[in-house]
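>>> A predicted structure for the sequence below; I have some questions about it.
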Amino acid sequence: MRMKELGRTGLKVSELCLGSMTWGSQNTLEEGHAQIDRSLDAGINFIDTAEMYPVNPVKAETIGRTEEIIGDWFAKTGRRDQVILATKHSGAGLMAVRDGAPITSDSIPKVIEGNLKRLQTDYIDLYQFHWPNRGSYHFRQNWGFDPSNQNKADTLAHIEEALEALQKEVDRGTIRHFGLSNDSAWGTSQWLRISEDKGLPRVVSMQNEYSLLCRHYDTDMSELSVNEDVGLLAYSPLAAGLLTGKYQGGAVPKGSRMDLNGNLGGRKTDNAFKAVDAYIAVAEKHGLDVTQMSLAWCRTRPFMCSAIFGATSMDQLEVALGSVDVELSDEVLTDIAAAHKAYGMPY
C-alpha cells in the first residue's frame with residue numbers, strides 16, 4: 001500500500017481510504033468492524049465518515065450511526081492511534097441534520113462535540129465541510145449551475161468566521177487539520193487566501209467526486225491541487241458501483257445502492273451504461289478486472305491523494321484492496337483516454 005502526504009501536514013495516508021457510508025444501513029456494526037480489521041491488515045490507515053452517515057437512504061433516525069460504529073471499534077480495539085480519521089460537518093439544506101441549518105462559527109464547536117462523542121475519540125485528524133453553504137455544481141447540479149445569486153461579501157465573511165472557529169478547535173486539540181468537500185476552484189482559492197492572510201488553518205485536501213465517469217476535477221481543480229498541495233480525496237471512484245459492471249444489462253442486485261436509491265443520485269443514464277461497456281472492454285482487452293482498473297487509474301492522476309471506496313461485502317472489499325497491485329501500462333491508459341473522449345461526462 002503506497003502512502004501519500006496529506007497536503008502539507010506531514011501526515012501520510014494510504015492511497016486507498018476506507019469509506020463507511022453504508023455502515024448502519026446496508027451494513028451491520030459487525031460487518032463495519034470486519035471491514036476495518038481487514039483494511040488495516042492490508043495497509044490502509046485512512047477512514048472517512050461524516051455526521052450524516054449512513055446513507056442509502058439518508059434518514060433522520062440513523063444520522064450519526066456510522067460514526068457510532070467506528071467509535072465502537074475504537075473502544076473495542078484500542079487502535080485509535082493506527083487510524084487517520086476524517087469526518088465532516090454537513091452543509092446547508094439537509095433537513096435530516098439540524099433542520100438544514102448552514103455551517104456557522106457557532107455550529108462548528110457544537111457539531112465537533114457530537115462527532116467526538118459518537119466516535120469515542122478526543123481528536124479528529126481531518127475535519128471537512130461536506131459542501132459549501134453557497135451551493136455548488138456537485139451532485140449533478142452542474143447542468144444548470146448558476147452562481148449569480150451568490151453574495152460574495154457574505155461568502156468571504158463566512159470563510160473568515162469559520163476559519164477562526166476552526167483555529168479555536170485546533171488550539172483545543174479537537175481537530176488537527178481542515179479540508180473541504182464538494183467545492184470549486186474559486187471557493188478553495190478564497191479559503192486558501194484568507195487562511196494565509198490571517199494565519200488560520202489551511203485547506204489540506206478536497207473531497208470531490210471523481211471517477212472514470214465523473215471528471216470535473218481534471219481542469220481548474222487539477223491545477224489548483226498541484227500548485228497549492230491540496231490533494232484530492234476522490235469519492236465514488238467506482239461511480240456508485242457502475243464501474244464494477246454489476247448494473248450492466250439491466251441488472252439490479254437486491255440490496256444494492258440502485259435497488260435502494262433508484263437512479264444512483266442521478267448517475268443512472270443511458271450514456272453511463274454505454275461508457276461502462278467501453279471501460280469493461282478496455283479491461284477485458286488487457287486482462288484486467290474493471291473495478292481494479294478503475295481504482296488503479298485514480299492512482300495515476302497527478303492531483304490524487306487517496307481514493308475513497310466503499311464495500312457492502314467482504315468479497316467487494318477484497319477486490320478493491322487488490323487494486324493496489326495493479327499497474328496500468330501506457331497502452332491501457334491510451335485506451336482509457338480514447339473511451340473518455342468518446343463518452344465524456346455521461347451523467
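Nice, thanks for sending it over.
>>> Of all residues in this protein, which one is nearest the centre?
residue 235 (3.4 Å; C-alpha atoms, centre = their mean).
>>> Identify the residues contacting residue 32.
Residue 32 is in contact with 20, 23-24, 66, 69-70, 73, counting by C-beta atoms under 8 Å, 6 or more residues apart in numbering. Yep, even glycine has a C-beta here, placed from its N, CA and C like the rest.
>>> What helix or strand is it located in?
helix 29-41 (DSSP states H and E).
>>> Residue 301: neighbouring residues, count only.
Neighbour count for residue 301, taken as other C-beta atoms under 10 Å: 17.
>>> returning to what we had before: and which of the contacts of residue 32 is nearest residue 39?
Of all these, residue 20 has the smallest distance to residue 39: 10.3 Å, by C-beta to C-beta.
>>> any idea how far residue 60 is from that closest one?
19 Å (C-beta to C-beta, to the nearest Å).
>>> the more surrounded of these two?
Counted by other C-beta under 10 Å, residue 20 and residue 60 do not tie: residue 20 has more neighbours, with 25 against 11.
>>> Tell me who's in contact with that one.
Counted by C-beta under 8 Å, 6+ apart, residue 20 has contacts 32, 47-49, 53-54, 66, 69-70, 310.
>>> Name the member of these with the most neighbours.
Busiest of these [other C-beta under 10 Å] is residue 66, holding 29 neighbours.
>>> Three-state assignment for that residue, please.
Look at residue 66: counting by DSSP: H, G, I helix; E, B strand; the rest coil, its state is helix.
>>> hang on, it packs against residue 50?
Yes: taking C-beta atoms under 8 Å as the definition, residue 66 is a contact partner of residue 50 at 7.4 Å.
>>> which neighbours do these two share?
residue 21.
>>> Just give me the closest of the contacts of residue 32 to residue 214.
Distances from residue 214 to those, taken by C-beta to C-beta, are shortest for residue 20, at 20.5 Å.
>>> Before we move on, what's the pLDDT of the closest one?
The model reports residue 20 with a pLDDT of 98.
>>> repeat for residue 263
Value for residue 263, per-residue pLDDT: 95.
>>> returning to what we had before: of the contacts of residue 32, which belong to helices?
66, 69-70, 73 (DSSP state H).
>>> Count the neighbours of the nearest residue to residue 196 once chain neighbours are set aside for me.
Excluding its sequence neighbours, the residue lying closest to residue 196 (C-beta to C-beta, 6 or more residues apart in numbering) is residue 202, at 7.0 Å. The number of residues packed near residue 202 is 20, by other C-beta under 10 Å.
>>> In this structure residue 202 contacts residue 7, no?
Yes: under the criterion of C-beta under 8 Å, residue 202 lies in contact with residue 7, with a separation of 7.3 Å.
>>> which ones are touching residue 69?
Counting by C-beta under 8 Å, 6+ apart, residue 69 has contacts 20, 23-24, 29, 32-33.
>>> so how many other residues sit close to residue 151?
By other C-beta under 10 Å, neighbour count at residue 151 equals 10.
>>> Relative to residue 158, how far out is it?
10 Å.
>>> Same check on residue 124?
For residue 124, the distance to residue 158 - C-beta to C-beta - is 21 Å.
>>> how about the strands in this protein?
Ranges of strands within the chain are 3-5, 12-14, 16-19, 46-48, 84-89, 124-129, 175-181, 203-207, 231-235, 304-309, based on DSSP state E.
>>> Those into JSON lines, with extra columns for distance to residue 97?
Below are the strands of the chain laid out as JSON lines (distance: least, C-beta to C-beta, whole Å):
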{"stretch": "strand 3-5", "distance to residue 97": "30"}
{"stretch": "strand 12-14", "distance to residue 97": "26"}
{"stretch": "strand 16-19", "distance to residue 97": "19"}
{"stretch": "strand 46-48", "distance to residue 97": "17"}
{"stretch": "strand 84-89", "distance to residue 97": "9"}
{"stretch": "strand 124-129", "distance to residue 97": "13"}
{"stretch": "strand 175-181", "distance to residue 97": "14"}
{"stretch": "strand 203-207", "distance to residue 97": "17"}
{"stretch": "strand 231-235", "distance to residue 97": "18"}
{"stretch": "strand 304-309", "distance to residue 97": "20"}
